[in-house]
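Colleague: A predicted structure for the sequence below; I have some questions about it.
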Amino acid sequence: MVTLVIFTVLVAFAFDFVNGFHDSANSIATVVSTRVLTPLQAVSWAAFWNFVAAFTFGTAVAKTVGSGLIDLSIVDPWVVLAGLLGAILWDLITWYWGLPSSSSHALLGGYAGAAIAKAGVGSLIFSGWIKPVAAIAVSPLLGFLLASILGIASLWVVRNSRPGRVDRWFRRLQLVSSAAFSFSHGSNDAQKTMGIIVGLLASSNALFAGVEGPLRFLYLPSPDHVPRWVILGAHAAIALGTLFGGWRIVRTMGTRITQLRPIGGFAAETGGASSILVASFLGVPVSTTHTISGAIMGVGAIRRASAVRWGVAGEMLVAWILTIPASAFAAGAFYWLAHLVRLTG
């Protein structure tokens, strides 16, 4: 069982890598599509700020995920492992099709699906799901609203300036806004995996309570405690995934939703980052994908409604709706498969 716990922790970090790989488009699509940075410069910049978030923004989201969603009495390494595998599978499917779905909701759906497969719907702490479920609707709308306001305000400020000068200034400002968005991405998304690992370690405490030596670090004194190695490991994994970049999704986010200029990219990134940082402060696990997608649509809509390709937005909406049930189903299937293997073995 100790080996299984260690393997599951490694799979959790692998999910964080896939999360960064899948969601790198969230951080870099706008700054690449406006040609402020090259793709390699953009992923390096985003990865750096993903990791820096480890030292600054606390662990409120991790605590929400770790002990507020699933009854810890039914959590075991098999539940966590199946949940992670279900989320990874869904992320890879949507990456292949170039759909910017939510890695966060894939993880939450996978975790819930595995728990339900083991102990039924009663294993869910329903009060804990109110904030993340509400955020599915609120985060893109808030991103849309803030980006629209910032876009309108920016256009008003530069209304008498030459277009070339405006582009030069906002190309510089976009370096700041893209850093802010990557920082916010790390502050929220890495914490979800931290929460999953904390739930795993808390449920496995009996295995490590009396252990001395190199495995002592796996003992968790409290479910509310997030060890430093978990924090650093999660941020390093998501930053590394971002560095490799999910290029299939960049095109969808950067050019297929609407065409962006530096002033629009700045407004979208700043609006999205503000929304996510507020959620991280409140301990709400939100989808960075939903938030930046809403922000990009908001920037496009202030020019004219037809500037947003609503058909592409509709495809994304279908992926958003399917994410939690699809990853939950996949995780449940993984759990039952593991259960059958254990029975026959």
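Modeller: Noted; the coordinates are in hand. Residues are numbered from 1 along each chain as shown.
Colleague: quick one: low-confidence ranges for the stretch 101-250 of the chain?
Modeller: 210-211, 213, 245-250 (pLDDT under 70).
Colleague: hmm, try it at 80
Modeller: 101-102, 136-137, 205-224, 244-250 (pLDDT under 80).
Colleague: quick check: the gap between T323 and G109.
Modeller: 6 Å (C-beta to C-beta, to the nearest Å). (Each C-beta comes from the backbone N, C-alpha and C, glycine too.)
Colleague: shared neighbours, these two?
Modeller: By C-beta atoms under 8 Å, 6 or more residues apart in numbering, T323 and G109 have these common neighbours: W90.
Colleague: so what's I28 closest to, chain neighbours aside?
Modeller: A42 (3.9 Å; C-beta to C-beta, 6 or more residues apart in numbering).
Colleague: wait, what's in contact with the one you found?
Modeller: By C-beta under 8 Å, 6+ apart, the residues touching A42 are 27-28, 31-32, 178.
Colleague: and for A236, the neighbour number?
Modeller: 19 (other C-beta atoms under 10 Å).
Colleague: brain fart, S148
Modeller: 21.
Colleague: show me what the helix or strand containing it is packed against.
Modeller: Assigned by DSSP states H and E, S148 falls within helix 130-157. Contacts defined by 3 or more C-beta pairs under 8 Å, 6 or more residues apart in numbering; DSSP states H and E place helix 130-157 against helix 103-119, helix 262-282, helix 288-303.
Colleague: how about stretch 217-225: buried residues?
Modeller: 218-220, 223 (16 or more other C-beta atoms under 10 Å).
Colleague: neighbouring contacts of it?
Modeller: By C-beta under 8 Å, 6+ apart, stretch 217-225 touches 2, 5-6, 9, 63, 66-67, 72, 198-199, 201-202, 204-205, 207-209, 211, 227, 229.
Colleague: inside helices: which ones of the residues you listed?
Modeller: In this view, those that belong to helices under DSSP state H are 2, 5-6, 9, 63, 66-67, 198-199, 201-202, 205, 207-208, 229.
Colleague: from those, which is closest to A119?
Modeller: Of all the ones in helices among the contacts of stretch 217-225, A119 sits closest to G199, with 14.2 Å by C-beta to C-beta.
Colleague: one step back: closest one of the ones in helices among the contacts of stretch 217-225 to A117?
Modeller: Checking the ones in helices among the contacts of stretch 217-225 one by one against A117 (C-beta to C-beta), the nearest turns out to be G199, at 16.1 Å.
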